[in-house]
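Enquirer: What follows is a predicted protein model with its sequence.
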Amino acid sequence: MDTPAASGLPLAFHGTVIHSLTPTTVEILHDCFLLVNAEGKIQLLLPETDRSRISAIVAENGYAPDVFPVKYLARGQFLCPGFVDTHNHAPQWAQRGVGRGRNLLDWLDTVTFPHEAKFADREYAQTMYAQCVAGFLQQGITTAAYYGSRHGEASSILAQTCLEKGQRALVGRCNMNRHAPEWYCDGSAEESLAETREFVEGVHRLDPEGDLVTPVLTPRFAISCDEGVLAGLGQLAAQYDNLPIQTHFNEARDEMEFTKQLFPGFASETALYERFGLLNSRSILAHSIFVDEAEMARLETLQCGIAHCPIANTTIGGFMVAPVREYLRRGIKVGLGTDSGGGYSSSMLEVMKQAFIVSNARQLFTKGADEPLCLYEGFFLATLGGAQVCGLDGKIGNFAVGKEFDALEIHTGEGVRGVMSPVEDEDSIEVIFEKFLMTGDDRNIAKVYVRGRSVKDC
Ligand code: GUN
Ligand code: FE
């Protein structure tokens, strides 16, 4: 926890730095001098800098050269941006891996709701959320868009835990006042909304500037919210004009069918959420698998973001593939989500690899029209794309000067435990990077920084 930046001193690195500039462009900077100021912001990013020049550069920027150590990264070590998980259920941390093969609504009733109901107990919430946030930080997830349970108190504990452990997060309390068991269901629409209002204000008090933690409006999905709740959340979104919104969207055939029955006046989920004021440039739409042409055009106009969750999409309810290539073609924002615990893995590297696999399936289904994702697109979705979806790309997602330093220090090669493909003498940095993305794991993530604070073992 006591990194130089966290203790009010700058932080500096010299070596290889890798980040995305666009969906298909990764920039690899060699012999780069990267300086993070005491506020955790990137002050200098200077590629091709000879070590001998560092003292002079530091002095030119107003620092006494001996104030802080420069970390020299060896061959096989590099910095990359932290991962952004655009869809994650914190209270499902202890149920990951359970319930494979059930369809969505059955899985919610039999596995998820009984489990989430346990978060009525504040001590359970404290214990579980401490493990959960530490676990995701260990995987290099520097930002997470979390769904809490339906409990305001437990969701505030989640926000507090993120602050204490130093994880950047959007934290939501689930609104769900129908089609859930009575022991895990909000009361009236008024009660559901009052608890959300109190939760939002509580998170604003914890982090008034939203430096690290922001509340996010979270109608769980349309099935679990009556019209009063959806309308009230739309009003809250208008009242606090910077509040993000997240929901499950066009995720499964049975879910969509039931939503149609409940809201027969609406042609689609897009029409429904738009009518209630819940679709705008701050909306994060999880899954978004079955989206027709008219809906797609509307999402593009409204600048909504998509949380692509390929592991969950191929674990619960069969093998479903979202039209990610089409989203990218249209310039719709897309990021990746673990959807932990619908998704069994807490690793964004695993999510990225599953995104590659399902994009191959998509190519097959579209008779070649949708090109599979390339390696650099996968990395983009896990970092800068996710930051765009969360409305944070002005702050994080790559190493542009002025952004906050949310980063991973990757160690590969001899002496590093794990199962990554060995680094060989002839390997270029491009090959080492590819080996890390495709075969590395958290053992290669030596350090995790959020706003310049070292947080991996918090
Ligand atoms: N739809 C409503 N709730 C959930 C949930 O917890 N997980 C997933 N994957 N879909 C949902
Ligand atoms: Fe989900």
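Expert: Received the coordinates, thanks. Ligands and ions are numbered 1, 2, ... in the order given.

Enquirer: Return the residues in contact with residue 115.
Expert: Contacts for residue 115 were tallied using CB atoms under 8 Å, 6 or more residues apart in numbering; they are 91, 92, 94, 95. (Glycine included, C-beta is placed from N, CA and C.)

Enquirer: these two touch, right, the second one and residue 118?
Expert: Pointing back at residue 92 there. No. Contact criterion CB atoms under 8 Å: residue 92 and residue 118 do not qualify, at 11.1 Å.

Enquirer: if you count what's nearby, which of these two comes out ahead?
Expert: Ranked by neighbour count (other CB atoms under 10 Å), residue 92 and residue 118 place residue 92 first, with 23 against 17.

Enquirer: quick one, phi/psi of the closest residue to the more buried one other than its chain neighbours?
Expert: Spatial nearest neighbour of residue 92, excluding adjacent residues (CB to CB, 6 or more residues apart in numbering): residue 341 at 3.3 Å. Main-chain torsions, residue 341, degrees, to the nearest 10: phi -100, psi 10.

Enquirer: who's in contact with residue 341?
Expert: 89, 92, 93, 94, 95, 96, 97, 98, 112.

Enquirer: and if we set it to 6 Å?
Expert: Going by CB atoms under 6 Å, 6 or more residues apart in numbering, residue 341 touches 92, 95, 96.

Enquirer: what do you get for residue 97?
Expert: Listed by CB under 6 Å, 6+ apart, the contact set of residue 97 reads residue 344.

Enquirer: can you tell me the helix or strand for it?
Expert: Using DSSP states H and E, residue 97 maps to neither a helix nor a strand.

Enquirer: and this protein, which of its residues are near ligand 1?
Expert: 89, 104, 108, 112, 220, 221, 248, 251, 312, 339, 342 (CB under 6 Å from any ligand atom).

Enquirer: Which ones among those map onto helices?
Expert: Those of the residues of the chain next to ligand 1 mapping onto helices are 104, 312, per DSSP state H.

Enquirer: Buried members of the residues of the chain next to ligand 1 into PyMOL, please.
Expert: Buried residues among those (16 or more other CB atoms under 10 Å), as a PyMOL selection:
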select buried, resi 89+104+108+112+220+221+248+251+312+339+342
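
Enquirer: What about the residues of the chain next to ligand 1, which are in strands?
Expert: Residues of these located in strands (DSSP state E): 89, 248.

Enquirer: Greatest separation within the residues of the chain next to ligand 1: which pair is it?
Expert: Using CB to CB, these span at most 14.8 Å, a distance reached by 220 and 312.

Enquirer: In this protein, which residue sits nearest ligand 1?
Expert: At 3.4 Å from ligand 1, residue 342 is the closest residue in the chain, using CB to the nearest ligand atom.

Enquirer: what residues are up against that residue?
Expert: Applying CB under 6 Å, 6+ apart, we find residue 342 in contact with 312, 316.

Enquirer: make it 10 Å
Expert: Shown in contact with residue 342 (CB atoms under 10 Å, 6 or more residues apart in numbering): 87-89, 92, 95-96, 99, 104, 107-108, 111-112, 248, 251, 286-287, 309, 311-313, 315-317.

Enquirer: How much space separates it from residue 317?
Expert: To residue 317, residue 342 is 9 Å away according to CB to CB, to the nearest Å.

Enquirer: overlap in contacts of the two?
Expert: 104, 107, 251.

Enquirer: Retrieve the pLDDT associated with the spatially most central residue of the chain.
Expert: Geometric centre of the chain, nearest residue: residue 85, 1.7 Å, by CA atoms, centre = their mean. For residue 85, the pLDDT comes out at 99.

Enquirer: surely it meets residue 169?
Expert: Yes. In this structure, residue 85 is within contact of residue 169 by CB atoms under 10 Å, at 9.4 Å.

Enquirer: what's near enough to touch the closest residue to residue 376 other than its chain neighbours?
Expert: Excluding the flanking residues, the one nearest residue 376 by CB to CB, 6+ apart is residue 26, at 4.6 Å. By CB under 10 Å, 6+ apart, residue 26 lies in contact with 18-20, 80, 375-377, 379-380, 383, 398, 430, 433.
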